[in-house]
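K.L.:
no sequence on this one, just coordinates:
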Ligand code: DQA
């Protein structure tokens, strides 16, 4: 089975971005970890990142058409985008929402997610390990 791991805005800056919150490992490290987990779990894992909301919506449409499961960290769009939620609502396979940080321990505006209601499950605060846990669940 194929799983798309979709990352939204600013996640390409991992390692440089607020390291006290997001850690010092890089986006490339995250990609490598997801690929390693996929190999171990017998999943074909494709990891993508975009800073364009339109591109993310297109990837969700593609996942819906292909019947692929999704792991998504939509970054700030989590808290703002009904359009991403509407696209996620079309998925037929499970979707797991992941956040590196514990959004509930942070600013109020990070407490609400437009995606959670249409996700199979939500993992927050476990850093990179959250992605591995999501892949394990999907496998
Ligand atoms: C994030 C949490 C969001 O609130 C934030 O906007 C991000 C990253 C996380 O992985 O912890 O960009 O999704």
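P.N.:
Received, thanks. Just so you know, these numbers come straight off a predicted model, no measurement behind them.
K.L.:
ok, and for stretch 6-13, which residues are buried?
P.N.:
6-12 (16 or more other C-beta atoms under 10 Å). For the C-beta atoms, the positions are set from N, CA and C on the backbone; glycine is no exception.
K.L.:
mean confidence for it?
P.N.:
If you average the pLDDT over stretch 6-13, you get 97.
K.L.:
And the closest residue to residue 45 other than its chain neighbours, what's its pLDDT?
P.N.:
Nearest residue to residue 45 in three dimensions, chain neighbours excluded: residue 38, at 3.1 Å (C-beta to C-beta, 6 or more residues apart in numbering). As predicted, residue 38 sits at a pLDDT of 98.
K.L.:
if we can go back for a sec, closest to residue 87 among the buried residues of stretch 6-13?
P.N.:
For the buried residues of stretch 6-13, the minimum distance to residue 87 (C-beta to C-beta) is 10.4 Å, reached by residue 6.
K.L.:
Run a quick check on that closest one versus residue 53, I expect a contact.
P.N.:
No: the pair residue 6 / residue 53 is not scored as a contact, 11.9 Å apart, by C-beta atoms under 8 Å.
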